[in-house]
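A.B. asks: Need the 3D shape of this:
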Amino acid sequence: MIIYQASKSEFLHHALRDDIEDIVSRQYRHATGHGVAAPEMQAWKHSLLEMAKVLQDEEIPADAGVAIEYQLPQTSKRIDFVITGEDAQARSKVVIVELKQWSESRRSDKDAIVWARRGGKAGEREGPHPSYQAWSYAAYLQDFNTAVQECGMALQPCAYLHNHPRDGEIDHPHYREYMERAPLFLARERARLQAFIRQHVRHGDRKGVLYAIENGRIRPSKMLADSVAGLLQGKPEFVLIDDQKLVYESVLAADARADGRRQVVIVQGGPGTGKSVLAINLLAALLKRGRNARYVSKNAAPRAVYEAKLAGTMKKGRISNLFSGSGAFVETEPDSFDTLIVDEAHRLNEKSGLYRNLGENQVKELIRAARCTVFFVDDDQRVTLMDIGHTEELRQRARAVGAEITELELSSQFRCNGSDGYLAWLDDTLDIRATANPLLDTGDYDFRVFDDPAEMHALIESKNRSNNRSRVVAGYCWTWPSKKNPQAWDIDLPDFDYRRRWNLNQDGSLWIVAPGSVEQVGCIHTCQGLELDYVGVIIGPDMVYRDERVVTDATRRASSDQSVKGLKQMLRSEPGPARELADRIVKNTYRTLMTRGMKGCYVYCTDPVLAQYLRSRLKSATTIEAEPQPQDVAKVVPLRRVTAAERAAGMPAVPLLDLRFAAGTFSDFQSLDDGAIDWVAPPDWIRPQPGMFVAQVVGESMNRRIPNGAWCLFRANPGGTRQGKVVVAQHRSIDDPELGGRYTVKVYSSEKVTDGDGGWRHLRITLRPDSDRPEYRPIELDLSDADDPVVIVAELLDVLE
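C.D. replies: Residues are numbered from 1 along each chain as shown. Below is the predicted model of the structure:
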């Protein structure tokens, strides 16, 4: 849809002699039935006048085409200004201009993102760089408009910020890639923009380019389809297995029938059954068939993560055009798409928009918008009061329009070590439904309950070092003060010296894959629909154990949590059903969080009674009665030895120590070097620093983290908090049979008391084993004697094997 189109000469007449903003406003109302807000009227008035000044260049042909506010088909995006014509070789050219009135902006570290005042009362906000916007619009037309594809049109995007000076922010080299694709023209650079337009538009729009674009069919280009299919090849996480293949072929068959009768396919599957992997494969297959298809999800996180995984050699902006939020179909014409693939359909809402005041029903709108709509659903993952996309709702909406309904099921479990038993145990344990799984064998799936959140988080950070696939998440029981004050802590558990921030302040929807985000805590909205190797879950006060059952209280959630908004009103009108629904939402939330891990789930409960209950439902994989004894282990160091000559020449190296004979070597860095029995080259990903050393850890007391005989990287004399970390501790009361002396390698935790001067001191230190062998017991050290301190001589950095 083009709101305004004319020749250059007609546009100049309207802009310089009439009120162009009134003309565009009238045409906008005529085309859409809606009025225009005052800020947009002002933007038209100023920016279109600036474009009129640009087009007053006599070398730009008078019969060039001009279009204002061209809405990209099947999207809510609009191109501000388009100039069409032919170049010197008579090839059709389309110049796309993104207009901004900004006078200042600020660089963001994120790709193609900039801070600026974007209208309204919100002040400065992050958003796409104007050059990126212009380029992405051109990419959309190239990928989906058949007129552009078949008529050989050349698209030339650019951005014009007529009030913005060059200041090293908006034009920072960080954005160079996009400014090369879509040149950026700033204040007092009108002549440069005129030269750019003259270069591409030498003759008028003699071939009716604007008309062709307006009436072009929407279909994915062959290049786009081939590129997406190619991106899936060779990636094992996108290979279809067992019943995934059956569902895949059944959906393609339904798509083929959709030209004769509307199709609705409902695919049910629990956590880890491969719903999202299947959805991405279907998207690629449908594009390959030339079908106009999209991947849809209510949550932004799955879209962002799969876009990032698929980006490969294609730019993310092009991939992004294949992904859509569930609220984008309010005004979509019927049958605009061939097939819509709706992932996480259980999260669909009734209303759309920021204030949930748009549209009628997202399920209805999605079915209406496509000839074939595929819903991937798990009724046990409804986690807010607004979620309406359960299976029965999908059936009813499909029947209402006379659609043919196909119901399929995914049952093969690929998450939780392939253990359907874990899911059944979780349902039984959380009182979601009774199953025949009262106990969980932790030999099948690594499930642990921690008394200390710092200890749990430290283990997740350790697991994450190998492949960036481990994170800590929590129920939404803590507010978000760091949103306004970046130095504030959100989740603060002072008894354990544990302070962390929510994930929402920097990485947004890509938190689950962003480097460094393991330091933060995620929530349901940034992990649902995605998977990890290991997940740590903090269960807040909204779920406890009382009177031999799991009890929930949704009112204990943070006031900023939107998932139970409206609960108080429901409790007044229908208290029974409201309490039942709230109970299910809280339990579903933790069930969803606790099923993100493919290899393991670690839990900390703010309610100690709940923690003890969860432990009572675990069955250890190994029971050994005999007192553990150190075992002979291999002595081969898995690192290259570095000679004295190589170290003198500057080759990186760290000392190799024997913990059994290390007494006195930790006093300072020089002593550490003097105590070395050899020197070795660290792994490539480690930069040597003073105090680092390598040593072998013998025994089974830490075998869940450190295999018997593993070589590990340590740092001597560590600073900062030790809570939850693996440390090398020294004390006269320690008699460790594994190390054969006063040293031990254990997980550190401590209790503190304040003194009269406002300071504090340690009252007790506990050194815990982390073993699958129950005979190992914690070492409790009473520090009432201040003259007999515990010395933490080193902390574990990594297990090198």
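
A.B. asks: Excluding covalently adjacent residues, which one is nearest to residue 402?
C.D. replies: Spatial nearest neighbour of residue 402, chain neighbours left out: residue 262 (7.0 Å); criterion: C-beta to C-beta, 6 or more residues apart in numbering. (Glycine included, C-beta is placed from N, CA and C.)

A.B. asks: Same question for residue 162.
C.D. replies: residue 50 (4.4 Å).

A.B. asks: gap between that neighbour and residue 97?
C.D. replies: 10 Å (C-beta to C-beta, to the nearest Å).

A.B. asks: Repeat that for residue 649.
C.D. replies: Look at residue 649 and residue 97: by C-beta to C-beta, they are 58 Å apart.

A.B. asks: Counting neighbours around each, name which of the two comes out higher.
C.D. replies: residue 97 (24 against 9; other C-beta atoms under 10 Å).

A.B. asks: Read off the pLDDT value for the residue nearest to residue 162.
C.D. replies: For residue 50, the pLDDT comes out at 93.

A.B. asks: can you give me phi and psi for residue 568?
C.D. replies: Main-chain dihedrals, residue 568, degrees, to the nearest 10: phi -60, psi -40.

A.B. asks: And for it, the neighbour number?
C.D. replies: Neighbours of residue 568 using other C-beta under 10 Å come to 11.

A.B. asks: Also the one 10 residues further on?
C.D. replies: Neighbour count for residue 578, taken as other C-beta under 10 Å: 20.

A.B. asks: quick revisit: quick one: contacts for the residue nearest to residue 402?
C.D. replies: 367, 371, 372, 401, 402, 403, 404 (C-beta atoms under 8 Å, 6 or more residues apart in numbering).

A.B. asks: let's see 7 Å
C.D. replies: Residues near residue 262 by C-beta atoms under 7 Å, 6 or more residues apart in numbering: 371, 401, 402, 403.

A.B. asks: The third one: how many residues sit nearby?
C.D. replies: Residues contacting residue 402 under the criterion other C-beta under 10 Å number 8.

A.B. asks: Per-residue confidence at it, what does it come out as?
C.D. replies: So, for residue 402, pLDDT stands at 96.

A.B. asks: Check the one 3 residues further on too.
C.D. replies: Confidence per residue is given as pLDDT, and for residue 405 that number is 96.

A.B. asks: same for the one helix or strand residue 267 maps to, what does it pack against?
C.D. replies: Assessed by DSSP states H and E, residue 267 sits inside strand 263-269. Contacts defined by 3 or more C-beta pairs under 7 Å, 6 or more residues apart in numbering; DSSP states H and E place strand 263-269 against helix 243-257, strand 370-377, helix 391-400, strand 404-410.

A.B. asks: Quick one: residues in contact with the second one.
C.D. replies: By C-beta under 7 Å, 6+ apart, the residues outside strand 370-377 that reach it are 251, 254-255, 258-259, 262-269, 275, 279, 282, 335, 337-346, 366-367, 389, 391, 394.

A.B. asks: Give me the sheet partners of it and which way each runs.
C.D. replies: Partner strands for strand 370-377, per DSSP bridges, with pairing direction: strand 263-269 (parallel), strand 337-343 (parallel).

A.B. asks: Put the alpha carbons of that strand into PDB.
C.D. replies: Taking Å, rounded to 0.1, in the frame of the first residue of the first chain, the C-alpha atoms of strand 370-377 are listed here in PDB:
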ATOM      1  CA  ALA A 370      -3.200 -18.100   6.100                       C
ATOM      2  CA  ARG A 371      -4.600 -21.000   4.100                       C
ATOM      3  CA  CYS A 372      -2.700 -23.400   6.400                       C
ATOM      4  CA  THR A 373      -1.800 -22.600  10.000                       C
ATOM      5  CA  VAL A 374       0.400 -25.000  12.000                       C
ATOM      6  CA  PHE A 375       0.200 -24.700  15.800                       C
ATOM      7  CA  PHE A 376       2.900 -26.300  18.000                       C
ATOM      8  CA  VAL A 377       1.400 -26.500  21.500                       C
END
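
A.B. asks: Can you get me the start-to-end distance on stretch 651-659?
C.D. replies: 25 Å (C-alpha to C-alpha, to the nearest Å).

A.B. asks: Could you measure from the residue nearest to residue 683 when sequence neighbours are not counted over to residue 753?
C.D. replies: Excluding its sequence neighbours, the residue lying closest to residue 683 (C-beta to C-beta, 6+ apart) is residue 800, at 6.7 Å. To residue 753, residue 800 is 38 Å away according to C-beta to C-beta.

A.B. asks: The most centrally placed residue in the chain: what secondary structure?
C.D. replies: With distances taken as C-alpha atoms, centre = their mean, residue 510 lies nearest the centre of the chain, 2.8 Å away. Assigned by DSSP: H, G, I helix; E, B strand; the rest coil, the conformation of residue 510 is helix.

A.B. asks: Tell me the pLDDT of the nearest residue to residue 770 once chain neighbours are set aside.
C.D. replies: Spatial nearest neighbour of residue 770, chain neighbours left out: residue 704 (4.6 Å); criterion: C-beta to C-beta, 6+ apart. The model reports residue 704 with a pLDDT of 87.
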